[in-house]
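> Let's see this in three dimensions:
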Amino acid sequence: MKIGVIGLGLRLSKLAADFKEAAPEIRFTAVADPMDTRMEALEALGDSPVRYDSAAEMLAADSYDMLMIGSVNSMHLEHLRLALESDAPFIFAEKPVVISVEETIELGRLIAKHDGMKRLMIGLVLRYSPLYRALRKAQEDGQIGEVMSIEASEHIGPYHGSFFMRDWRRNCAEAGSFMLEKCCHDIDLYQGTVGARPARVASFGGRKKFVPSQRPATPPAYLAEMAPRWGGIDDPWSGEGDIIDYQTALVEYENGATMAFHTNLNVPDEFRRFCVIGVDGMAEGDFIRNTFRVTDSNSETVIHETDSIGTGDQKGHYGSDIAMCRDVMAYVKGALAGLPLSVKDALEAGVTALAMDEARAHRRVVDLAPVWERFDAALAGKTAG
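Residues are numbered from 1 along each chain as shown. Presented below is the predicted three-dimensional model:
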């Protein structure tokens, strides 16, 4: 099975080994990337891919059984267009899918035109996590009931926060908003849990830590933990870029459920947790601290409790990376009928994140009904809107 890579970024260079473990017969035969920085990651797997400077050049040179897109977010739409217009039967793209509502609508039209719902898979990896699967199993078993409200967070250590402020991700024009770039995983999970799209969104936040006035006299040791690559700078306190470092959002879903979501890039003791409260029970979990508990509302008894739900490994997304690669390759080979999420799910999560940023920037509640109307029309192959 021949795989061509468009944009060999950090994420795909790490996932390559997991894909190879899931399907040893695959071969990374080509890479479209103007830099050869991460080529050794594929060469270490025993492959000798040809490097091209552009995606168009790579696609013109050969055919592929699968394309993988790991380029900078702002390039995704054009790379997805080229991939969908190619003869590759399957396409895997890293999140976030695209970086604006207009790009979402345009991609919806391309998906309708080129059988994208079947061909296109998105790396929102936490849908594959043991913790999320346990949450969904509790729902299926009737332990939670109809979801009333959710409280959730993604709290990020300053070592990681400082990386965002030094990397190309500091610029919304390249990455989209921080909520889109980093928190689309979480937004997707809870939309899947609720089983409905958001109707209205409000949000507040800003930037207080990574600003020139907060630069410490002695550079913290954590600056050595993650190094920026393309378009990077050395100083996270430079004031460059326009992403935020803390944000809170409120969501009302179309079925009446609500969510309060909080993210912060300066949390020295990280946690990434949720509390899903339904009419019958409450489920609590933390991806980093590796805990899960379900409590019955009426009897107030604990139905299930564990502190070993996943791997607890931050680098492997808590056991999700290898699980996703196994499922994706099983789907590609016809051994799995479907995946835990569709490209439609991923795009809906992206629209929600974009609405959060719009609400924060313009200090207003965002009504998403007009966006969903245009989005549905695009996926139906209609050109208006």
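> List the buried residues in stretch 317-336.
By neighbour count with 16 or more other C-beta atoms under 10 Å, stretch 317-336 contains the buried residues 317-329, 331-332. C-beta here means a position set from N, CA and C on the backbone, and glycine is covered the same way.
> Actually, stretch 338-353.
Residues of stretch 338-353 classed as buried by neighbour count (16+ other C-beta under 10 Å): 339-353.
> With stretch 99-119 instead?
With burial defined by 16+ other C-beta under 10 Å, the residues of stretch 99-119 counted as buried are 99-101, 103-112, 114, 116, 119.
> Where helices are concerned, which of the residues you listed count?
Judged by DSSP state H, the buried residues of stretch 99-119 include 101, 103-112, 116, 119 as members of helices.
> With pLDDT added, can I get the residues you listed in CSV?
Shown next, in CSV, are these (pLDDT from 0 to 100):
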residue, pLDDT
Val101, 97
Glu103, 98
Thr104, 98
Ile105, 98
Glu106, 98
Leu107, 98
Gly108, 98
Arg109, 98
Leu110, 98
Ile111, 98
Ala112, 98
Gly116, 96
Arg119, 98
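> from the buried residues of stretch 338-353, which is closest to Glu94?
Using C-beta to C-beta, Ala346 is the member of those that lies nearest Glu94, at 10.4 Å.
> Can you name the helix or strand that Met58 falls in?
Using DSSP states H and E, Met58 sits in helix 55-61.
> From the contact counts, what lies against that helix?
When contacts are defined as 3 or more C-beta pairs under 8 Å, 6 or more residues apart in numbering; DSSP states H and E, helix 55-61 sits against strand 2-6, strand 27-32, strand 50-52, helix 76-85.
> Check which residues of it are buried.
By neighbour count with 16+ other C-beta under 10 Å, helix 55-61 contains the buried residues Ala55, Met58, Leu59.
> Assign the residue nearest to Thr263 when sequence neighbours are not counted to helix, strand or coil.
Excluding the flanking residues, the one nearest Thr263 by C-beta to C-beta, 6 or more residues apart in numbering is Glu154, at 4.9 Å. Local secondary structure at Glu154 is given as strand here, using DSSP: H, G, I helix; E, B strand; the rest coil.
> again with Glu151
strand.
> What is the neighbour count of it?
Residues lying near Glu151 (other C-beta atoms under 10 Å) number 16.
> hang on, it packs against Phe274?
Yes. Counting by C-beta atoms under 8 Å, Glu151 touches Phe274, with 7.1 Å between them.
> So what's the residue count around Gly145?
13.
> dump the residue contacts of it.
Under the criterion of C-beta atoms under 8 Å, 6 or more residues apart in numbering, the neighbours of Gly145 are Gly278, Val279, Asp280, Gly281.
> Would you mind listing the two of those residues that lie farthest apart?
Farthest-apart pair in the contacts of Gly145 is Val279 and Gly281; separation 8.3 Å (C-beta to C-beta).
> Between the two, which contacts overlap?
Residues touching both Val279 and Gly281 (C-beta under 8 Å, 6+ apart) are Gly145, Ser297.
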